[in-house]
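J.: take a look and give me a structure for this.
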Amino acid sequence: MMRRTSLRARAAAVLCLTALLIAAGCSSSAQLRFRCDSPINGGLLLTVDVVRASEEQARLIQSLGERWFYDPNRETLRSSGGITTVTFPTNDPTGQCTRDVSVPVSGKDKYLVIVADYKFQSSDPAKQAVTLSRDRFKGATVRIAVHDRELSVETK
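T.: Residues are numbered from 1 along each chain as shown. A predicted model of the protein is given here:
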């Protein structure tokens, strides 16, 4: 009887370990490094959302642009943990406007959408709502330059 219990315990431990290894292989994180110009956003606090999104959600955010910040879908995704919000003050007391953010990524996250709520619109809306496919952000360091009216993104 003891031997049967011991074998079951070992089998359960092996199954748990296997599940953990599979889960670790399916999830990762993206490292985002924000660096700002000075001044930004016409002197107002700038809010930037980093959204882990499906293809449909990414298209919606791109189509909404700055209206994303007032759309009910934003609150729905926020409550499910799909949004990381970063804010940038106009005058950083340290003299450096930088933020490093780690965003967890799961197997269902196909896109990372970085959308900023600028006071003034850029002539190119794609510079205020940038969409990155999974191969550009999973396990990568994404460098985001925050300019006065737009974002620029570089992945490494």
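J.: what's the distance between the residue nearest the centre of the chain and V130?
T.: Centroid-nearest residue in the chain, with Cα atoms, centre = their mean: V50, separated by 3.6 Å. Distance of V50 to V130, given as Cβ to Cβ, to the nearest Å: 10 Å. For every residue, glycine as well, the C-beta is placed using N, CA and C.
J.: re the thing from before, quick one: the residue nearest to the centre of the chain and I83 touch, right?
T.: Yes - counting by Cβ atoms under 8 Å, V50 touches I83, with 7.0 Å between them.
J.: quick one: low-confidence parts of this structure?
T.: 1-27, 91-95 (pLDDT under 70).
J.: quick one: the helices in it, in order.
T.: Along the chain, counting by DSSP state H, helices occupy 2-26, 55-64, 72-79, 134-137.
J.: okay, the angle between the third one and helix 55-64?
T.: With axes from the mean of the first three to the mean of the last three Cα atoms, to 10 degrees defining the directions, helix 72-79 sits at 130 degrees from helix 55-64.
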